[in-house]
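Visitor: Predicted model and sequence below, questions to follow.
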Amino acid sequence: MSLDFQNSNAMVSAVRPAARARRTSKTSRVRSRDQEDWDFAGLLAGQTVEEEAIPEVLRGVPGLGLNLPLDPSVFMQQLYGREFDPLTGRVNHGVFLQQTQDKTAQLASDLQQALTGLGADPETPVPLMVDELGNVVVDDDSTPHAEQINALFADNFDLSQSYRDVSQAHHWAALTEIGSAYVEAWYGTEDFDIRDDITDQFRDIFDSLAETASHMSYGNGALDSKSVSMALQSLEALAQ
């Protein structure tokens, strides 16, 4: 799928959505975690955060540790630096997006050549993903030539790495687009209760996106990112 979001953005720093957790009240206490485990969704508004549980890069940010909704633009600023425009809530995506599109086109071409060599039907979609061991595998064992395709990626490091890079870039772009939409929605009201509801809504979206990471489908010479597709569907639903 093309990365041509309307006013699209692209992630320039890794963000991993938090696992879904039931909230027992308007505020909840966040357990101490290593910095690499922190993410944008895990720092959404309405949480109480202890100083020692905050990554050093975010310590001293006004509002952290208070039982008040936290301004999401603060975290976007921390994640993207000058690439984030606090006046618009958008992330400058141009260079990253173009590079991702170029890499996607190259990967699609390489996959077409490799799968044709296996005798695979170019019109039959091939769902792919990165498993828990970091291997690129077919996501559906019933896919024709699944074992051969798995072996293809296992034997071709460059092809596997290209898939990992491209799928991650698409996922980051999707996360950033949703993050910007969250900033826009949060600033759309000054009512803290409504902002808390907005936070819950976007937490669910981030949680759903987490399940799409690394999932892409190849067919007819093109790649379709599950992350991008879900982000676009979520944005369409939010606009209704």
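Guide: Thanks, I have it. Numbering: from 1, shown residues only.
Visitor: can you pull the buried residues of stretch 126-134?
Guide: Val126, Pro127, Leu128, Met129, Val130 (16 or more other CB atoms under 10 Å). Quick note: C-beta positions are derived from backbone N, CA and C, even for glycine.
Visitor: which SS class is the fourth one?
Guide: This points to Met129. Three-state call for Met129 (DSSP: H, G, I helix; E, B strand; the rest coil): strand.
Visitor: May I have the beta-bridge partners of it?
Guide: Beta-bridge pairing for Met129 (DSSP bridges): Val137.
Visitor: I'd like the distance between it and Asp110.
Guide: According to CB to CB, to the nearest Å, Met129 stands 18 Å off from Asp110.
Visitor: quick revisit: just put the buried residues of stretch 126-134 in TSV and tack on pLDDT and distance to Ala237.
Guide: Formatted as TSV, those follow (pLDDT from 0 to 100; distance: CB to CB, whole Å):
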residue	pLDDT	distance to Ala237
Val126	97	28
Pro127	97	24
Leu128	98	26
Met129	97	24
Val130	96	27
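Visitor: now the lengthiest helix in the chain, how far from the chain's geometric center?
Guide: When the chain is parsed with DSSP state H, its longest helix is helix 157-187. Chain-centre distance of helix 157-187: 4 Å, with CA atoms, centre = their mean, to the nearest Å.
Visitor: for that helix, which positions count as buried?
Guide: Of all the residues in helix 157-187, those buried under the rule 16+ other CB under 10 Å are 159-160, 162-164, 166-183, 185-186.
Visitor: what ranges do the strands span in the chain?
Guide: Secondary structure of the chain by DSSP state E: the strands cover 28-29, 47-48, 84-85, 90-91, 126-130, 136-138, 216-219, 222-225.
Visitor: Could you check how far stretch 92-104 is from the centre of its chain?
Guide: The answer for stretch 92-104 is 15 Å, by CA atoms, centre = their mean.
Visitor: Only alpha carbons, please: show it as PDB.
Guide: Taking C-alpha atoms only, stretch 92-104 is exported to PDB below (Å, rounded to 0.1, in the frame of the first residue of the first chain):
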ATOM      1  CA  ASN A  92       7.800  16.500   9.000                       C
ATOM      2  CA  HIS A  93       7.700  13.300   6.900                       C
ATOM      3  CA  GLY A  94       9.000  14.200   3.500                       C
ATOM      4  CA  VAL A  95      12.500  12.600   3.300                       C
ATOM      5  CA  PHE A  96      11.600   9.500   5.400                       C
ATOM      6  CA  LEU A  97       8.400   8.900   3.400                       C
ATOM      7  CA  GLN A  98      10.200   9.200   0.000                       C
ATOM      8  CA  GLN A  99      12.900   6.800   1.200                       C
ATOM      9  CA  THR A 100      10.300   4.300   2.400                       C
ATOM     10  CA  GLN A 101       8.400   4.400  -0.900                       C
ATOM     11  CA  ASP A 102      11.700   3.800  -2.800                       C
ATOM     12  CA  LYS A 103      12.600   0.900  -0.500                       C
ATOM     13  CA  THR A 104       9.100  -0.500  -0.800                       C
END
